[in-house]
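J.: Sequence first, predicted coordinates after that:
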Amino acid sequence: MSDRNIGKVISVDSFRVFIRLDDDLKSLYKSGYEDIYEVARINSYVIIPIGADRIVAMVTSVRAIDETELGKNKEAIFLTKSSRFLIATMIGTIENDGRYIQGVYNYPILDNPVWYVVREDLDAIFDQQPKDNIDFSEDYYLPIGTSPSFTDYKIKINPDKFFGKHSAILGNTGSGKSCTFASIIQSLFSFKYNGQLLQSAHFVVFDTNGEYKQAFMGTKEVPYAKLKEVNPFHIDKDGLKVPFWFMNFSDFDYLFTPTAGTQTPIFKRALSLSKNQSVAVIKRNIPQTYLSKLEIIRNECLTNNFVIKNTIYSELEDFINEFSSLETDFDKNNIISSLQRLLEEKSKLSKNGNYLNGCVSSQVLSEFSENIEKELSTYNQTIRSQETAEERNIDLPIYFNFEELINRYFEEAIIEQENSGNKLREFVSTLRLRLQSYLGDERLCQPLMMDQTAEIENSLAKFIAFVLGDFCKVYSQEDDDFFTLFYKDKTKADDTKKANQITIIDMSLLPFDVLETITGLVGRLILEFVSRFPEEERGKMPIVIALEEAQNYIPERNRGDKESISKKVFERIAREGRKYGVSLLISSQRPSELSKTVLSQCNSFVVHRLQNPDDQTYVRQLVSAANNDILQQLPILPQQHAIIMGDAVRTPVQVRMNTANPRPNSNNPKFIENWIQNPSDDFPAYKDIAKAWEKGEKNKH
């Protein structure tokens, strides 16, 4: 029998063993050749030898059971005898070659001996041996904390597995989630990867509470040691502008909620006209709005009633002037000649109050109708046939004027619908008012740049680079668009050619009305950008999107009748993002309120203290049953401690996370320390804060 024996297995199930400790083991320690070893402490390990392999089991329960001994004659009762038992969860196997793997493939039998754990075992479990050359895909090498049970040992993760397969950081407020996120990223940038530091990482952090600027940009009192290397880019309220013309119809539909029956078709057509107007100008085609007007006039000529007379008398001359000024590749002369011939009929008409007197030539109307039909047919067979279908352009990120959408293209979309008239205009009026209210509300208008009256050159490329920290690759000193000016203002002259490895998007002052739309829009643009890489370049630009207070963006339950637009986007990223190199890092204090689809795609979990029973149950459902015993500790975990499990870590384990330096701006308020101070006359600055508040800003003094 080995001197390491401490007991034997008395029961085995699929992942748990019940161990009876030897009767001669009088304490919870046993002396060995080199040291005194702990035998039965929660979160410590025991070894179960099976042939050349050794199963590693984590102790999750310790108990003593009193047994009464009866004499042979069953009449005399002797003193009770106390037996001690361990319950341990099998978590991994140390193979014959000393390599530790997560999981168990060879189970112990009844009466299988159980050993205490020695340093050699711990070295294998925690992989403490230094490596000359790290295998980034397989090794667990990035230290993020220490083991509370074995303080000499660091807990390490594999960053490729942590970020590559989506991860979640969960826990009650004040349990240390923000510091955990900051410390993991800080550790990532401090570590040397076979002698090299990170140079082109891409982290996009949606900072709900404005916490992370301090963690990655530091303060005067606590500077960030890797500031120059990381070169973080902070986008505050003034810089958070997402052009509305990048929105697809789903975004417009979610934001403005048109009714399905009448408003949605008109809205869709108005958007199509707006975007095709811009496409036509670029391609030197006849914009759709003019083609529609020609078709309308032709139909009026065929009807030959008072409508065509009113058009000839009041509108035709202005339309001819506008149409003639168009620069197109199509020969417009025949169309203009037909229009001018029709305009000559105006001389036969006179106005008497609200009525038009006179008649127009039926022959002229007929000839105009035939000529226009012929010219439009020719146009469609030449230039028009080369264009993409109109309705496809509605989702393309093409600039258009938002005010013209409301005042001009809605009207044209309504006019296109024959025999609709005032009734349809009345049905659409509430939607137009809603759009107008957004345009007139500065706090909603400015984040989406709805008041932008001129196109920004290369706006899509600039915005994507702006968000991903690569603006240096599109930056031009001569440009004067919004993104260039903001970047120039926030960046030192010598840093304009250096990439930003972390982009912090401060969402703290963003109106709730547009929060989900903007978040979802940024996420979708990032995913669609990388999905358009050539096949051979797919995955060569890994991007991590971190969602702080993720329940705001990916709720399980919809807040209204429509499904959250940001939820749809991030569920798509959770399902498809990995193959393009886009991963999610979710942080939340209410996991039970998060999308099941997103969390089910997470392969690694860092779980801090959770006291709500619903949240505890929800987390247990997400992870394997083998980890349930370990998760029983969730309600009592101290601050900065967490349970980490999943693909990113060698084995499920409790960890004391490294201290973030600098820390995020999420410290608990010091009530007594502040309350005992002599009150100051100029703090808080009520007037300054109120003035900034009235402008939708934070007081910076």
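T.: Yep, it's here.
J.: Show me which helix or strand of this protein is least confident by mean pLDDT.
T.: For the chain, scoring each helix and strand by mean pLDDT, DSSP states H and E identifies strand 29-31 as the least confident one, at a mean of 65.
J.: tell me the helices in the stretch 351-500 of the chain, going along the chain?
T.: Using DSSP state H, counting those that start in this stretch, the helices assigned to the stretch 351-500 of the chain run over residues 362-381, 402-404, 410-416, 421-440, 442-445, 459-468, 482-490.
J.: who wins for proximity to Gln214 among those?
T.: Taking C-beta to C-beta as the criterion, helix 482-490 is the member of the helices of the stretch 351-500 of the chain that comes nearest to Gln214, at 16.1 Å. C-betas here are computed from N, CA, C, even on glycine.
J.: Show me which positions of that closest one end up buried.
T.: Residues of helix 482-490 classed as buried: Phe482, Phe483, Thr484, Phe486, Tyr487, Lys488, Lys490 (neighbour count, 16 or more other C-beta atoms under 10 Å).
J.: would you turn those residues into CSV with pLDDT?
T.: Formatted as CSV, those follow (pLDDT from 0 to 100):
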residue, pLDDT
Phe482, 92
Phe483, 93
Thr484, 92
Phe486, 92
Tyr487, 92
Lys488, 90
Lys490, 88
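J.: and Ile169, which of the three is it?
T.: Using DSSP: H, G, I helix; E, B strand; the rest coil as the criterion, the local structure at Ile169 reads strand.
J.: contacting residues for it?
T.: Taking C-beta atoms under 8 Å, 6 or more residues apart in numbering, we find Ile169 in contact with Lys177, Thr180, Phe181, Leu585, Ile586, Ser587, Ser588, Phe605, Val606, His608.
J.: what does Asn133 give?
T.: Contact partners of Asn133, counting by C-beta under 8 Å, 6+ apart, are Asn194.
J.: separation between it and Arg99?
T.: When distances are taken as C-beta to C-beta, to the nearest Å, Asn133 and Arg99 turn out to be 17 Å apart.
J.: can you give me the helices for the stretch 151-300 of the chain?
T.: When secondary structure is read from DSSP H, counting those that start in this stretch, the stretch 151-300 of the chain shows helices at 159-164, 177-190, 212-217, 227-230, 249-256, 263-283, 288-303.
J.: mind giving me a markdown table with the ones you listed and columns for mean neighbour count?
T.: Written out in a markdown table, the entries for the helices of the stretch 151-300 of the chain read as follows (neighbours: other C-beta atoms under 10 Å):
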| stretch | mean neighbour count |
| --- | --- |
| helix 159-164 | 21 |
| helix 177-190 | 23 |
| helix 212-217 | 23 |
| helix 227-230 | 15 |
| helix 249-256 | 18 |
| helix 263-283 | 20 |
| helix 288-303 | 18 |
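J.: lowest-confidence stretch among those?
T.: Within those, the stretch with the lowest mean pLDDT is helix 263-283, showing a mean of 81.
J.: on that earlier part again, from the contacts of Ile169, which two are the most distant?
T.: The two members of the contacts of Ile169 with the most space between them (C-beta to C-beta) are Leu585 and His608, at 14.7 Å.
J.: Enumerate every residue touching Ser588.
T.: Contacts here follow C-beta under 8 Å, 6+ apart; on that basis Ser588 touches Ala168, Ile169, Leu170, Lys177, Glu549, Ala550, Gln551, Leu594.
J.: Which member of the residues you listed is positioned nearest Thr93?
T.: Set against Thr93, the nearest of the contacts of Ser588 by C-beta to C-beta is Ala168 (26.7 Å).
J.: average pLDDT for the strand or helix carrying Thr89?
T.: Taking DSSP states H and E as the criterion, the element that holds Thr89 is strand 77-94. In this model, strand 77-94 has a mean pLDDT of 80.
J.: So what are the sheet partners of that strand and their directions?
T.: Strands flanking strand 77-94 in the sheet, each with its direction: strand 16-21 (antiparallel), strand 53-70 (antiparallel), strand 100-102 (antiparallel) (DSSP bridges).
J.: which outside residues touch the shortest one?
T.: It refers to strand 100-102. Looking at what lies outside strand 100-102 - C-beta under 8 Å, 6+ apart - the contacts are Val56, Ile91, Gly92, Thr93, Ile94, Glu95, Ala124, Ile125, Asp127, Arg650, Thr651.
J.: And the first one, by the same measure?
T.: Applying C-beta under 8 Å, 6+ apart, the set of residues contacting strand 16-21 from outside is 6-12, 39-40, 46, 48, 57, 83-90, 108, 114, 626, 629.
J.: which residues touch Asp451?
T.: With C-beta under 8 Å, 6+ apart as the criterion, the residues that contact Asp451 are Phe402, Leu439, Cys445.
J.: residue ranges of the helices in the stretch 501-650 of the chain, please?
T.: Counting by DSSP H, counting those that start in this stretch, the stretch 501-650 of the chain forms helices over residues 512-531, 565-580, 596-600, 613-622, 628-631, given from the N-terminal end onward.
J.: Could you dump these into TSV with distance to Arg119 and mean pLDDT added?
T.: Compiled in TSV, the helices of the stretch 501-650 of the chain are given as follows (distance: least, C-beta to C-beta, whole Å; pLDDT from 0 to 100):
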stretch	distance to Arg119	mean pLDDT
helix 512-531	45	91
helix 565-580	38	92
helix 596-600	37	90
helix 613-622	33	86
helix 628-631	23	81
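J.: between the ones you listed, which gets nearest to Asn354?
T.: Between Asn354 and the helices of the stretch 501-650 of the chain, the shortest separation by C-beta to C-beta is 43.5 Å, and it involves helix 512-531.
J.: That closest one: which residues count as buried?
T.: Of the residues in helix 512-531, those buried (16+ other C-beta under 10 Å) are 514-527, 529-530.
J.: Equivalent analysis for stretch 190-201, please.
T.: Buried positions in stretch 190-201, judged by neighbour count with 16+ other C-beta under 10 Å: Ser190, Leu198, Ala201.
J.: now do stretch 396-403
T.: For stretch 396-403, the buried set under the neighbour-count rule, 16+ other C-beta under 10 Å, comprises Pro397, Ile398, Tyr399, Phe400, Asn401, Phe402.
J.: Between those residues, which sits nearest Leu316?
T.: Nearest to Leu316 among the buried residues of stretch 396-403, with distances taken as C-beta to C-beta, is Asn401, at 24.9 Å.
J.: So, low pLDDT: which residues of the stretch 1-150 of the chain?
T.: Along the stretch 1-150 of the chain, the parts satisfying pLDDT under 70 run over 1-2, 26-37, 67-81.
J.: thinking again about what came up before, where among the helices of the stretch 351-500 of the chain is the average confidence lowest?
T.: Looking at the helices of the stretch 351-500 of the chain, the weakest mean confidence is helix 410-416, a mean of 82.
J.: What helices and strands are in contact with that one?
T.: Contacts of helix 410-416 with other secondary structure elements, assessed using 3 or more C-beta pairs under 8 Å, 6 or more residues apart in numbering; DSSP states H and E, are made with helix 263-283, helix 288-303, helix 421-440.
J.: relative orientation of the first one and helix 421-440 in degrees?
T.: Taking axes from the mean of the first three to the mean of the last three C-alpha atoms, to 10 degrees, one finds helix 263-283 and helix 421-440 inclined to each other by 70 degrees.
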